[in-house]
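Colleague: my questions are about this predicted structure, shown below with the sequence.
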Amino acid sequence: MNKIIKVTVAVFSILIIALLIFNLFALRSINTEIIIEAPAQQVWSVLMNHEAYPVWNPFIKKISGSTLIGENLEVTIQSEGNDPMDFKPIVLVNTQNKEFRWVGKLGVRGIFDGEHYFMLEQTGSDQTRFIQGENFTGLFSGLFMKMIGKDTEGGFNSMNRALKSRVEGQ
């Protein structure tokens, strides 16, 4: 019986070490951007009008709740061909015409956490660089990123193009 316990502990230890090594080398950030031919105030107005998201946003289907720092949002995302996912992130930053940022978690904090951000950089009088991304952390961040990274990046880019179209079409 002692031998079985020792072998089980050894195998489990090797798996944990392998997972940690895998996480060290895995991509854990997504960063996308697009140039929108409009001032930052106009982009911000559309970005922060969460009630209109179902009309134009192909990735973030719903955002509700207070956008005050420290408050919880209710967010539903859905990348193309996948089921919707609901989560309740906490607002970290809300700087008008500049940045909106939240942090969410999958289950227990430290397993797979994501800090999502939207940043606006005025590049000309009527031009804004819109940056959307997410930094992932947690014990299983590398593994989950391997599974959802491409779909998530595709969702960000899809939303960026839709935001550009909506803002420039006003």
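Modeller: Cool, got the structure.

Colleague: quick one: low-confidence parts of the protein?
Modeller: Counting by pLDDT under 70, the low-confidence segments of the chain come to 1, 19-27.

Colleague: where exactly do the strands run in it?
Modeller: 29-36, 60-65, 73-77, 85-87, 90-95, 99-105, 113-124, 127-137 (DSSP state E).

Colleague: let's have these in JSON lines, adding mean neighbour count.
Modeller: Quick note: C-beta positions are derived from backbone N, CA and C, even for glycine. Below are the strands of the chain laid out as JSON lines (neighbours: other CB atoms under 10 Å):
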{"stretch": "strand 29-36", "mean neighbour count": "17"}
{"stretch": "strand 60-65", "mean neighbour count": "16"}
{"stretch": "strand 73-77", "mean neighbour count": "17"}
{"stretch": "strand 85-87", "mean neighbour count": "13"}
{"stretch": "strand 90-95", "mean neighbour count": "15"}
{"stretch": "strand 99-105", "mean neighbour count": "19"}
{"stretch": "strand 113-124", "mean neighbour count": "18"}
{"stretch": "strand 127-137", "mean neighbour count": "20"}
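
Colleague: distance to residue 161 for those strands - can I get that in JSON lines?
Modeller: What follows is the strands of the chain, written out as JSON lines (distance: least, CB to CB, whole Å):
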{"stretch": "strand 29-36", "distance to residue 161": "7"}
{"stretch": "strand 60-65", "distance to residue 161": "13"}
{"stretch": "strand 73-77", "distance to residue 161": "16"}
{"stretch": "strand 85-87", "distance to residue 161": "21"}
{"stretch": "strand 90-95", "distance to residue 161": "24"}
{"stretch": "strand 99-105", "distance to residue 161": "19"}
{"stretch": "strand 113-124", "distance to residue 161": "15"}
{"stretch": "strand 127-137", "distance to residue 161": "10"}
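
Colleague: check contacts around residue 161.
Modeller: By CB atoms under 8 Å, 6 or more residues apart in numbering, the contact set of residue 161 is residue 34.

Colleague: just use 131 as the starting number from now, easier for me
Modeller: With the count now opening at 131, the last piece we talked about shows up as residue 291.

Colleague: and the gap between it and residue 284?
Modeller: 11 Å (CB to CB, to the nearest Å).

Colleague: what of residue 135?
Modeller: From residue 135 to residue 284 the distance is 46 Å (CB to CB).

Colleague: give me the more crowded residue out of these two.
Modeller: residue 284 (17 against 9; other CB atoms under 10 Å).

Colleague: okay, that one and residue 278: tell me how far apart.
Modeller: From residue 284 to residue 278 the distance is 10 Å (CB to CB).

Colleague: bridged to the residue nearest to residue 290 when sequence neighbours are not counted, which residues?
Modeller: Leaving aside its sequence neighbours, residue 290 sits nearest to residue 164 (CB to CB, 6 or more residues apart in numbering; 4.2 Å). Judged by DSSP bridges, the bridge partners of residue 164 are residue 260.

Colleague: lovely, talk soon.
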